[in-house]
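**Q** can't give you the sequence, but here's the structure:
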C-alpha cells in the first residue's frame with residue numbers, strides 16, 4: 001500500500017467557526033480566497049481520510065467498502081495519482097485484471113512517472129505473458145512481455161528501496177524469458193549490491209550466468225553464497241552437475257543433505273552424482289543412499305532405477321535384477337524397469353533372457369515416448385544379433401530408427417545388422433549415405449568395408465580402411481579395424497604386418513599388442529605369440545583377453561594344461577560372465593577330465609554363444625563323453641551352422657555320423 005492503514009481513524013477536524021463580529025470587521029475582498037482555500041483544504045483532508053479508511057477496510061477484509069472509500073477519495077482529490085494507483089493494487093490483489101489496468105493507467109495520466117502504477121502494470125503484463133494470454137494492444141503492438149519490461153523499467157526509476165528488490169527480480173525474469181541474460185545479469189548484480197546474498201537474487205543470477213554461458217561465474221557466485229548461507233549447497237550442486245563436475249556435485253549434495261536429512265529427493269540426486277563420478281568407491285555409498293530412499297518411498301521409480309544401476313556397478317547382479325523387476329512391478333507403464341533389467345542381463349550375456357523379457361514389453365507399448373521404445377528395441381536388436389537372428393535384428397533397428405529419426409546411432413546399428421543378415425547392398429548404401437550426410441562414427445568405415453567384402457569386393461574395402469587409417473583422426477582404432485578386416489578373411493599374415501609397426505607406434509595401447517599376438521598365434525607362430533602375450537601381461541596383469549587367449553592356447557597344445565587353466569581362471573575372475581572365457585575354462589577342465597567342473601562352464605557358454613562354432617563343438621564333445629549322443633549331435637549341428645571359425649567341418653561331420661551310429665545301435 002502507499003500508506004499504512006491507521007486503526008481507529010477519526011474524521012478530519014471541522015473548520016473553526018469564525019465569530020460574526022470578526023466577519024463583519026473583515027475586509028470585503030478577503031472572504032473569497034479564504035473560502036476557496038478552506039474548500040481545497042477540506043477536499044484534500046477528506047481525500048486523505050477516505051484513502052486511509054480504504055486501506056484500513058481492505059486490511060479488515062471489507063473489500064467493497066474499501067473500494068467505495070477509495071472512490072470517494074478520488075472524487076475529493078482527482079489530482080492525486082496515489083489514490084488510483086492504490087486502487088489498482090487492490091484490484092490486482094482481488095484478481096480483477098481489467099479494473100487494475102484501468103486504475104493504473106488513470107494514475108499515469110495524472111503523473112506519467114508514478115512508480116507504483118508502473119509496477120502494477122508491469123506485474124500484470126508479466127502475469128499475462130506467463131499465461132500466454134493475448135496482448136492488450138491491437139495486432140502488431142508490443143507483446144505482454146515487452147509491455148511488462150517497459151513498465152517495470154520505468155517503475156525502477158523512482159521505486160522506493162522497499163519495493164525496488166521485487167521490481168528488479170521481476171524485471172530480471174522477464175529479461176531471461178526473452179533471452180536477454182546480459183540485461184538480467186546487470187539488474188541482478190545491482191540487486192545483490194543492495195541486498196547481499198538475497199536467496200532469490202543469488203539463484204536467479206546464477207541461472208542468468210548459466211544462460212549466458214558463464215558457467216564459471218555461476219559456480220563462483222554459488223560457492224561464495226554457500227559459504228555465507230549453507231542453504232545454497234543444493235543450488236551449487238546443480239551448477240556443478242551442469243559442468244559435469246560430478247565429484248564436486250556429490251560433495252555439495254552431501255552438505256545439502258546434512259541440512260535436510262529426511263529429504264529423499266536430495267539423497268537421490270546425491271546418489272546420481274556419485275554414480276556419475278566414475279569413482280570406484282562411490283557406487284557403494286550410492287547404493288546405501290538409495291536403499292534408504294526406496295525404503296521410505298517404495299514405489300518411487302527413479303530411485304529404484306538408480307539402485308539397480310548402483311548394484312550392477314558393484315557386481316551384485318542378482319540384487320540389481322531384483323531391483324529392476326521390482327521397478328517393472330511398481331511402474332508397469334514405464335520402460336525404465338525393462339531397460340534396467342536388460343542392462344543386468346547384458347552384463348551376464350543372457351541374450352535369450354533379454355529377448356524373452358523385452359519382446360512382451362515392446363509388443364504392449366502403445367504411445368509413450370518414442371525414445372523409450374527405441375531404446376528397448378536396441379537392446380532387443382543386439383540380443384537378436386548375438387543369438388543369430390539377424391533378420392529380427394534388422395527389423396528391431398529399423399523400427400528404432402523410424403521412432404527416432406534424428407538419432408544416427410540407430411542407423412549405424414541397422415547397417416551392422418544388415419551385414420550380419422548378408423543384405424550387403426542395403427548395408428553399403430546405408431553406410432555410404434550416413435557418411436555422405438556427415439556422420440563421423442568411425443564404425444561406418446568398417447561396416448562399408450564389410451559390405452564390400454560380402455559383395456566380393458575385398459580390395460575396395462581394404463582401400464577404404466587404409467584411407468581411414470591414414471588420417472590423423474584414425475589412430476590405433478583405425479589400424480586395428482584394418483587388421484581385423486584382413487583377419488576376417490583369414491589373411492592373418494597381412495593383418496600381422498599391419499599391426500607390427502602399430503605396436504611401436506602405440507606402445508601404450510595394450511589392445512594393439514594383444515591383436516598382434518593373436519595374429520601370430522593364428523599363423524601357428526606360437527612361441528612368438530606367447531612372448532607377445534607375456535610382454536603384455538607384464539605391463540597389464542589384468543588384461544583379461546590376453547589371460548584367456550594365452551591360457552586357451554596352452555590348453556589346446558596340451559603341454560601345460562594346469563598353467564593354462566590358472567590363466568583362464570584369472571580371466572574369468574575379471575569377467576565372470578564372458579562366454580568365451582567360460583568356454584575356455586570348461587574346455588580346460590574337460591581336457592583335465594574334470595567333467596563336473598567342465599559342465600557348468602561349457603553349458604553356460606553354449607547357451608550364451610549359440611552361433612560360435614568352436615563353443616558348440618566343445619559342448620558337443622562334452623555331451624558325447626557323457627553318453628548324451630542325441631544332444632551332442634544337436635550341438636555339433638549348431639557348430640556347422642554357426643560362424644565356421646576355427647573348426648574342421650569334416651571332423652565334426654564324422655563325429656555326428658559316429659554318434660548317430662551309436663544311437664542306432666542302442667535302439668531296441
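**A** Great, that's in hand. Just so it is clear, the model here is predicted, and its values are computed rather than measured.

**Q** what are the ranges of the helices in the stretch 301-450 of the chain?
**A** In chain order, the stretch 301-450 of the chain shows helices spanning 301-313, 317-330, 336-347, 351-364, 370-386, 390-403, 408-420, 424-436, 443-454, with DSSP state H, counting those that start in this stretch as the criterion.

**Q** With mean neighbour count as extra columns, can I get the ones you listed in JSON lines?
**A** In this view, the C-beta of every residue, glycine as well, is placed from N, C-alpha and C. Supplementary listing: the helices of the stretch 301-450 of the chain in JSON lines, determined by neighbours: other CB atoms under 10 Å:
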{"stretch": "helix 301-313", "mean neighbour count": "24"}
{"stretch": "helix 317-330", "mean neighbour count": "20"}
{"stretch": "helix 336-347", "mean neighbour count": "23"}
{"stretch": "helix 351-364", "mean neighbour count": "17"}
{"stretch": "helix 370-386", "mean neighbour count": "22"}
{"stretch": "helix 390-403", "mean neighbour count": "21"}
{"stretch": "helix 408-420", "mean neighbour count": "23"}
{"stretch": "helix 424-436", "mean neighbour count": "18"}
{"stretch": "helix 443-454", "mean neighbour count": "23"}
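
**Q** For residue 250, find the nearest of those helices.
**A** Of all the helices of the stretch 301-450 of the chain, the one in closest proximity to residue 250, counting by CB to CB, is helix 301-313 (13.0 Å).

**Q** got the contact list for the closest one?
**A** Where contact means CB atoms under 8 Å, 6 or more residues apart in numbering, the residues beyond helix 301-313 that reach it are 264, 268, 271-272, 275, 283-284, 286-287, 290-291, 293-294, 297, 317, 319-321, 323-324, 326-327, 330-331, 334, 336-337, 339-341, 343-344, 347.

**Q** Run the chain-centre distance for it.
**A** Helix 301-313 has its average C-alpha position 14 Å from the chain's average C-alpha position, going by CA atoms, centre = their mean, to the nearest Å.

**Q** same question, stretch 402-418
**A** When distances are taken as CA atoms, centre = their mean, stretch 402-418 is centred 20 Å away from the chain's centroid.

**Q** Please enumerate residues in contact with that stretch?
**A** Counting contacts by CB under 8 Å, 6+ apart, the residues outside stretch 402-418 that touch it are 370-371, 373-374, 377-378, 381-382, 384-385, 390, 393-394, 396-398, 400-401, 424, 426-427, 430-431, 434, 439, 441, 443-444, 447, 451.

**Q** Recalculate using a threshold of 7 Å.
**A** Residues external to stretch 402-418 that are found in contact with it (CB atoms under 7 Å, 6 or more residues apart in numbering): 370-371, 373-374, 378, 381, 385, 390, 393-394, 397-398, 400-401, 426-427, 430-431, 434, 439, 441, 443-444, 447.

**Q** Same question for stretch 648-662.
**A** Contacts of stretch 648-662 with the rest of the structure, by CB under 7 Å, 6+ apart, involve 617, 620, 624, 629, 632-633, 636-637, 639-640.

**Q** Between all of those residues, which two are separated the most?
**A** Of all pairs drawn from these, the one with the largest separation by CB to CB is 629 and 640; the distance is 16.3 Å.

**Q** For residue 194, find the nearest of the helices of the stretch 301-450 of the chain.
**A** Going by CB to CB, the one of those nearest residue 194 is helix 301-313, 40.0 Å.

**Q** which residues does residue 323 contact?
**A** So residue 323 contacts 304, 307-308, 311 (CB under 7 Å, 6+ apart).

**Q** what comes up buried for the host helix or strand of residue 514?
**A** Using DSSP states H and E, the element containing residue 514 is helix 510-522. Neighbour counts using 16 or more other CB atoms under 10 Å place 510, 512-522 of helix 510-522 among the buried residues.

**Q** Packing partners of that helix?
**A** Contacts defined by 3 or more CB pairs under 7 Å, 6 or more residues apart in numbering; DSSP states H and E place helix 510-522 against helix 475-488, helix 492-505, helix 526-539, helix 544-557.

**Q** ok, of the contacts of stretch 648-662, which come out buried?
**A** Using 16+ other CB under 10 Å as the threshold, 617, 620, 624, 629, 632-633, 636, 639 are the buried ones among the contacts of stretch 648-662.

**Q** which ones among those are found in helices?
**A** 617, 620, 624, 629, 632-633, 636, 639 (DSSP state H).

**Q** Kindly reformat those residues as a markdown table and extend each row with distance to residue 196.
**A** Conversion of these to a markdown table gives the following (distance: CB to CB, whole Å):
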| residue | distance to residue 196 |
| --- | --- |
| 617 | 77 |
| 620 | 79 |
| 624 | 83 |
| 629 | 86 |
| 632 | 82 |
| 633 | 84 |
| 636 | 81 |
| 639 | 77 |
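
**Q** For residue 574, state which of these is nearest.
**A** For these, with residue 574 as the reference and CB to CB as the criterion, the closest is residue 617, at 25.3 Å.

**Q** Chain neighbours aside, what residue packs nearest to the closest one?
**A** Once flanking residues are discounted, residue 617 sits nearest to residue 639: 4.3 Å by CB to CB, 6 or more residues apart in numbering.

**Q** give me every residue that touches that neighbour.
**A** 613, 616-617, 620, 647, 652.
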